[in-house]
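Q: sharing a model that was predicted from the sequence below.
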Amino acid sequence: MTAFVFKEKREKMKIRSTKGLTFDDVLLVPKRSPVTSRRDVDTTTCLTPTINLRVPIISANMDTVTEAPMAIAMARAGAIGIIHRFMTIDDQVRQVRRVKRAEGFIVEQPYAVAADASIGEARQLMKRRDVGGLVVTDQKNELIGLITQRDILLAPDEKMPVNTLMTRPDHIISAAPDISLPEARTILHEHRLEKLPLIDKEGHLVGLITAQDIVKYDQYPDATKDNKGRLRVGAAIGVKGQDVDRAGALLAAGADLLVLDIAHGHADHCLEIMGELRRNFPKAQLVAGNVASRDGARDLAEAGADAIKVGVGPGSICTTRIVTGFGVPQLTAIMDSVAGVVDSGRDIPIIADGGIKTSGDLVKALAAGASTVMIGSLFAGCEESPGSTVIRNGQKFKVVRGMASLGAAMGRKAVEQTKDESA
């Protein structure tokens, strides 16, 4: 009995006999090129079969890297950010909605205030929603006014009702919901408007176009946007039962893709929830991982993943390899995973997650077969990251931590306690 158990273990736990390659082990051979200027290079790539990026970079779903500000900055640059999952469902939904409302050709369901609300209430709502104006509607959702920060800037009394300072209907210029971008630009310019309400044939408010959003089309020509002109954003989920509910809430909030993200993605419970997600949300774009082998990539592809995240322990602050002894050098892991996708018969992209220390590493990952790369620690020091700021020897730093660290584990426990208390 004991001999059989040891034999079974030996068959399952195998040491790779050939040397794996990581980024520092290789250099790309220069070849003849027709490119005369770096500006002529097109880096457009596929994140999933239906989502393209002008810049093949994803900010990691780590709690010290990506929340709404980082995701907005990434999307405007032509890349994308993945909102981390270490918060309540409601908080993650708010983060996604914040990105989706950051800009877009038409603002659907613009924030509204009642005519009898106070100026103070309107000011607080603008601050909380991070907007420069509100529509004033009645109970039938008919537009009866507009109120902006300019209107209330020097208001002498916070208790004054909104209808005393709002722009009234007879001074509001509106348009039909099917207006084009050039037409909206012309109307806004000709009438020196900041906001253009969209009114349907029944007189109901159905949307809003702002001058600032149109300006952003010119400022960020490579921005990653959906078919409504909104910035794209992804959101991470786990593999517990409640994560199906989380997935539904995030998709309803406008998330463009879900990232099923656990340390070891080639596991039965990961494959099972992939099947459940695919059954419940057949049109959702699902990214699964992490894996580091040919078999792992093939199994996730066959389970219905739209992209596969590759990397077990290559990150600069990841301790998986140290603590568990598991992992595959990242360049080899990418190439093996590409082969696994080919085995599955599906043409889906590979995301190289972790180990990127230089721009050259990014290029090597793409050369090995990845379509995009996910980066964490290089973004952690940016102003847009949610990590805490510390001052040491007169220099400013931001805290970054791996998602298996003690600090991250304590953060997850605090989130669980918050959910229990609110239940």
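A: Structure received.

Q: let me know the average pLDDT across stretch 347-356.
A: The average of the pLDDT scores along stretch 347-356 is 95.

Q: that stretch: end-to-end distance?
A: Start and end residues of stretch 347-356 are separated by 25 Å (CA to CA, to the nearest Å).

Q: just the buried positions in that stretch, please.
A: The neighbour-count check on stretch 347-356 (16 or more other CB atoms under 10 Å) flags Ile348, Pro349, Ile350, Ile351, Ala352, Asp353, Gly354, Gly355, Ile356 as buried. Where C-beta positions appear, they are placed from N, C-alpha and C, glycine not excepted.

Q: same check on stretch 52-64?
A: Buried residues in stretch 52-64 (16+ other CB under 10 Å): Leu53, Arg54, Val55, Pro56, Ile57, Ile58, Ser59, Ala60, Asn61, Met62, Asp63, Thr64.

Q: for those residues, work out which two are farthest apart.
A: Distance extremes for the buried residues of stretch 52-64: the farthest pair is Arg54 and Asp63 at 26.9 Å, using CB to CB.

Q: shaky segments in the protein?
A: 1-18, 315-323, 401-423 (pLDDT under 70).

Q: how close does Ala102 get to Pro69?
A: Per CB to CB, to the nearest Å, Ala102 is found 9 Å from Pro69.

Q: circling back: could I get the buried residues of stretch 52-64 as a markdown table with secondary structure and distance to Pro221?
A: Output for these, formatted as a markdown table (DSSP: H, G, I helix; E, B strand; the rest coil; distance: CB to CB, whole Å):
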| residue | secondary structure | distance to Pro221 |
| --- | --- | --- |
| Leu53 | strand | 14 |
| Arg54 | coil | 9 |
| Val55 | coil | 12 |
| Pro56 | coil | 17 |
| Ile57 | strand | 17 |
| Ile58 | strand | 20 |
| Ser59 | strand | 20 |
| Ala60 | coil | 26 |
| Asn61 | coil | 27 |
| Met62 | coil | 29 |
| Asp63 | coil | 31 |
| Thr64 | coil | 30 |
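
Q: pretty sure Val390 contacts Lys398?
A: Yes. Look at Val390 against Lys398 with CB atoms under 8 Å: they come within range, at 7.4 Å.

Q: more neighbours: which of those two?
A: Neighbour totals were compared for Val390 and Lys398, and Lys398 leads with 17 against 10 (other CB atoms under 10 Å).

Q: check contacts around Leu193.
A: Contact analysis of Leu193 by CB atoms under 8 Å, 6 or more residues apart in numbering lists Ile173, Ile187, Ala211.

Q: now the last one: phi and psi?
A: The reference is to Ala211. Main-chain torsions, Ala211, degrees, to the nearest 10: phi -60, psi -40.

Q: what's the answer for the first one, then?
A: For Ile173, the backbone dihedrals are phi -100, psi 130 (criterion: degrees, to the nearest 10).

Q: number of residues surrounding Ile144?
A: 18.

Q: how far away is it from Gly207?
A: 16 Å.

Q: ok, now Arg39?
A: When CB to CB is the yardstick, Arg39 and Gly207 sit 36 Å from each other.

Q: so which of the two has more stuff around it?
A: Applying other CB under 10 Å to Arg39 and Gly207 shows that Gly207 carries more neighbours, namely 21 against 6.

Q: from the chain's centroid, how far away is the helix or strand containing that one?
A: Element membership of Gly207 [criterion: DSSP states H and E] is strand 205-210. From the chain centre to the centre of strand 205-210 is a distance of 25 Å (CA atoms, centre = their mean, to the nearest Å).

Q: quick one: residues in contact with that strand.
A: Here strand 205-210 makes contact (CB under 8 Å, 6+ apart) with 105-110, 112, 132-133, 135, 137, 141-143, 175, 177, 179, 184, 188, 194-200.

Q: which among those residues end up buried?
A: Among those, those classed as buried by 16+ other CB under 10 Å are 105-107, 110, 112, 133, 135, 137, 143, 175, 179, 184, 188, 195-199.

Q: narrow those residues to those in strands?
A: Ala112, Gly133, Val135, Thr137, Leu143, Lys195, Leu196, Pro197, Leu198, Ile199 (DSSP state E).

Q: so the third one makes contact with Thr148?
A: This points to Val135. No. Applying CB under 8 Å, one finds Val135 not in contact with Thr148, separated by 10.3 Å.

Q: show me the contacts for the residue nearest to Lys159 when sequence neighbours are not counted.
A: Setting aside the residues directly before and after it, Lys159 is nearest to Ser118 in space (CB to CB, 6 or more residues apart in numbering), at 5.2 Å. Neighbour list for Ser118: Glu158, Lys159, Met160, Pro161, Val162 [criterion: CB under 8 Å, 6+ apart].

Q: and for Phe397?
A: Going by CB under 8 Å, 6+ apart, the list of residues near Phe397 reads Gly381, Thr389, Val390, Ile391.

Q: mind running it again at 10 Å?
A: For Phe397, the contact set (CB atoms under 10 Å, 6 or more residues apart in numbering) comprises Ala380, Gly381, Gly387, Ser388, Thr389, Val390, Ile391.

Q: any idea how far the helix or strand hosting it is from the chain center?
A: Assigned by DSSP H and E, Phe397 falls within strand 395-398. Remark: strand 395-398 is offset 25 Å from the chain centroid, using CA atoms, centre = their mean.
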